[in-house]
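In: quick one, structure for this:
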Amino acid sequence: MIRIYVNRLIIFLGIILFFNACSGQPSPENPNILIILTDQWRAQSFGYMGNPDVQTPNIDQLAEESANFQFAVSGLPVCTPYRASLLTGQRPLTNGVFMNDVQLDTNAVTIAEVLDDQGYQTGYIGKWHLDGRGRSNFTPPGGRRQGFQYWKALETTHTYNHSAYYFGEDSTKRFWKGYDAFAQGYDAQSYIRVHADDEQPFFLMLSWGQPHSPYHTAPQRYKDIYHPDSLWLRPNVPDKIENKVRRDLTGYYAHMTALDDMVGSIRQTLEDEGIAENTIVLFTSDHGDLLGSHGEYKKQQPYDESIRIPMLFHYGAEEGIENDTYDAMMNAQDVMPTLLGLSGVGIPESVEGADFSRYMRGGESPKDTLALIMCIQAYGQWDPVNDGGKEYRGIRTPRYTYTRDLDGPWQLFDNSEEPYQMNNLVGNSSYAEIQKRLDNALMNKLDEIGDEFLPGLDYVERYNYPELDASQTVPYEW
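Out: Next comes the predicted model:
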C-alpha cells in the first residue's frame with residue numbers, strides 16, 4: 001500500500017514538473033526587475049548598432065549579453081504615450097494617452113500595481129511625465145503614482161544640472177546634486193543595495209531625461225570626447241544644416257557616453273550585491289530623435305530615426321533567456337506582458353501587448369512580423385499648421401515601412417535596399433504588389449483593433465482633452 005502511494009506521489013510530482021517545464025515559466029522565486037528608460041535615444045546611435053563615433057562600451061557589452069530586439073519601435077513616438085503603453089500594456093487609443101502632458105487614468109492596471117500585488121517592492125526614480133498637471137507639480141502618493149511605492153521623481157524637466165524632484169510623501173521641491181542622470185543613478189544603486197537581501201523582489205524604474213535636448217549640458221569631460229568636424233553624418237541630413245547637426249551631435253553623444261558609464265556602474269552594483277543573475281534588466285528608450293535626418297528634429301514622424309528604439313532584455317539566470325539578436329517587431333505595449341511572462345506573474349486581461357518571454361527561451365514569436373506605428377494628433381515641433389504635421393497610420397516590418405495619411409498611401413520605404421529612407425516608393429510600379437500587400441496588412445490590423453483612423457481633433461474631443469493651443473499642443477505649465 002505504501003509503495004502504491006509513493007508511486008502515485010512520484011507520478012503526481014512528475015506531472016507537475018512536466019507542466020512547469022512546458023509553461024516556459026521561471027522558478028518560483030520571482031526575479032528582480034530593473035528598467036532603465038532613456039528619453040529620445042534613437043536605435044542607430046550605439047556602437048553595437050554600427051555607429052562609428054558614439055562611445056557606448058557598457059551598453060554594447062549589455063547588448064552582447066541580452067536579447068536584442070533590433071527592430072523594436074515606439075509605435076507612437078512621443079514621451080507620454082510610450083510611457084503609458086509601457087506601464088499598461090495597452091495601445092494609445094485604449095489607455096487614452098496619445099499626446100504629451102495628459103494624465104494616465106488612475107484606474108489603469110499598470111505593471112507596478114500587478115507586481116505590487118505579487119509582493120514586489122516598487123520604485124520610480126527620475127522623469128515621470130504621466131500626471132498631466134504641470135511639469136513641476138507634486139504628484140502625491142496614491143493612484144496618480146500608478147502603483148509605485150518608493151518615489152524620487154518629477155513630472156518632467158530637461159534642466160539636467162539643476163533638476164528638481166519630490167521624495168516620498170514630502171511636497172517640498174528638492175534638487176538633484178550636479179548632473180541629474182548621475183545623481184539618479186546613484187540613488188538607483190542605493191535602492192538596489194538596500195533591497196538586495198530582502199525576501200521580497202524589487203521592481204525599479206530608472207527614468208532619465210537624457211539624451212533629449214538640450215544637447216550641450218553633459219559634464220565637460222564627456223563633451224571633450226566629441227568634435228564636430230570628425231563626426232560621420234547620416235546621408236539623409238541636408239547639406240544646409242550640416243554644421244548645426246554636427247554641433248548638436250557632439251552634445252547628444254556626450255549625454256550618451258555619460259549615461260553609458262552609469263549603466264556600467266549600475267550593472268557592477270548588481271554583481272557586487274550578488275543579484276545580477278536574478279535580475280531582469282531592460283534598457284530602452286521612449287522614442288528616437290531625427291536630429292537633422294530628413295531636415296527634421298525630434299520625433300513623431302514615421303522615419304526610423306524617430307520610431308526605432310533600443311530594446312535589450314538581460315536575464316542571466318538558469319531559467320533566463322537566450323542572448324541573441326531577434327527580428328520580432330516588439331512595440332511599447334509588449335514590454336509589460338513580456339516582463340510579467342519572464343517573472344512568472346500572470347498577465348491581466350486588460351493587456352493588449354504580446355508576451356515574448358517564451359520566444360526569448362527558444363519558442364515561436366507570439367505575433368506577426370509587423371509593428372503598428374501612428375500619429376493620432378500631430379502637435380508641437382511637428383505643428384500641423386506650420387510644420388507639416390499630419391495624422392498617419394503605418395506598419396514597420398523587418399524590411400519595409402509603409403504609412404497612410406488621411407488622404408491615402410503616403411510613404412513606402414524598402415529599408416533593406418535603402419536604410420536612410422530617402423526614396424519614397426509609393427506609386428512606384430516595381431513595388432505595386434508590395435504596396436498593395438502592405439496596405440492590406442495595415443487596413444486589416446486597423447480593423448482588428450477597431451481603429452477608425454479619424455482626424456486627430458476627433459479623438460481630442462472624444463477623450464475630453466483640454467483645448468489645444470495654437471501649435472495643437474495640450475497646454476502645460478512648468
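In: please enumerate the strands of the stretch 351-478 of the chain.
Out: 371-375, 392-396, 400-405, 408-414 (DSSP state E, counting those that start in this stretch).
In: so which of the ones you listed comes closest to residue 87?
Out: Relative to residue 87, the nearest member of those by C-beta to C-beta is strand 371-375, separated by 18.5 Å. Just so you know, the C-beta spots here come from the backbone N, C-alpha and C atoms, and that holds for glycine as well.
In: so what does the closest one touch, helix or strand wise?
Out: Using 3 or more C-beta pairs under 8 Å, 6 or more residues apart in numbering; DSSP states H and E, the elements in contact with strand 371-375 are strand 392-396, helix 432-449.
In: got those as a markdown table, with mean pLDDT columns?
Out: Converted to a markdown table, the helices and strands packed on strand 371-375 look like this (pLDDT from 0 to 100):
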| stretch | mean pLDDT |
| --- | --- |
| strand 392-396 | 98 |
| helix 432-449 | 98 |
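In: most tightly surrounded among these?
Out: Ranked by mean neighbour count under mean count of other C-beta atoms under 10 Å, those are led by strand 392-396, which reaches a mean of 24.
In: what does that strand rub up against?
Out: By C-beta atoms under 8 Å, 6 or more residues apart in numbering, the residues outside strand 392-396 that reach it are 71, 73, 302, 307-308, 329, 370-375, 401-405, 410-411, 438, 441-442, 445-446, 451, 453.
In: buried ones among those residues?
Out: Buried members of the contacts of strand 392-396, scored by 16 or more other C-beta atoms under 10 Å, are 71, 73, 302, 307-308, 329, 370-375, 401-405, 410-411, 438, 441-442, 445-446, 451.
In: and the longest strand anywhere in the chain, what does it pack onto?
Out: Looking across the chain with DSSP state E, the single longest strand is strand 202-211. Judged by 3+ C-beta pairs under 8 Å, 6+ apart, strand 202-211 is in contact with strand 32-39, helix 111-117, strand 121-127, helix 180-195, helix 242-272.
In: output the lowest mean pLDDT helix or strand found in the protein.
Out: Lowest by mean pLDDT, DSSP states H and E among the helices and strands of the chain is helix 2-23, with a mean of 36.
In: ok, residue 72 to residue 451 distance?
Out: Residue 72 sits 21 Å away from residue 451, taking C-beta to C-beta, to the nearest Å as the criterion.
In: equivalent analysis for residue 420, please.
Out: Noted for residue 420: a distance of 29 Å to residue 451, by C-beta to C-beta.
In: one more: residue 344?
Out: Counting by C-beta to C-beta, the gap from residue 344 to residue 451 is 33 Å.
In: could you measure from residue 474 over to residue 132?
Out: Using C-beta to C-beta, residue 474 is found at 8 Å from residue 132.
In: swap that for residue 376, please
Out: Residue 376 sits 16 Å away from residue 132, going by C-beta to C-beta.
In: just residue 245 next, same as before
Out: Using C-beta to C-beta, residue 245 is found at 33 Å from residue 132.
In: equivalent analysis for residue 335, please.
Out: Remark: distance between residue 335 and residue 132 (C-beta to C-beta) = 21 Å.
In: give me the more crowded residue out of these two.
Out: Neighbour count, other C-beta atoms under 10 Å: between residue 335 and residue 132, residue 335 has more, with 25 against 21.
In: just checking, that one touches residue 90?
Out: No: counting by C-beta atoms under 8 Å, residue 335 does not reach residue 90; the two are 11.3 Å apart.
In: give the residues shared as contacts by the two.
Out: residue 353.
In: can you map out the helices along the stretch 301-450 of the chain?
Out: Ranges of helices in the stretch 301-450 of the chain, per DSSP state H, counting those that start in this stretch, are 304-307, 335-343, 432-449.
In: centre of the chain to the first one, how far?
Out: I take that to be helix 304-307. Averaging C-alpha coordinates over helix 304-307 and over its chain gives two centres that are 13 Å apart (C-alpha atoms, centre = their mean, to the nearest Å).
In: again with the second one
Out: On the basis of C-alpha atoms, centre = their mean, helix 335-343 is displaced by 14 Å from the centre of the chain it belongs to.
In: got any ranges where the chain has weak pLDDT?
Out: Residue ranges of the chain with pLDDT under 70: 1-28.
In: how about residue 172: what's its closest non-neighbour residue?
Out: residue 166 (7.4 Å; C-beta to C-beta, 6 or more residues apart in numbering).
In: give the buried residues for whatever helix or strand that neighbour lives in.
Out: Per DSSP states H and E: residue 166 is located in strand 164-167. Going by neighbour count (16+ other C-beta under 10 Å), the buried part of strand 164-167 is 164-166.
In: which elements pack onto whichever helix or strand comes after it?
Out: Once the chain leaves strand 164-167, the next helix or strand it forms, by DSSP H and E, is strand 174-175. Contacts defined by 3+ C-beta pairs under 8 Å, 6+ apart place strand 174-175 against strand 164-167.
In: what does the strand it packs on contact?
Out: 126, 136, 138-139, 151-154, 157, 172-176.
In: farthest-apart pair in these, please.
Out: For the contacts of strand 164-167, the farthest-apart pair by C-beta to C-beta is 126 and 172; their separation is 18.1 Å.
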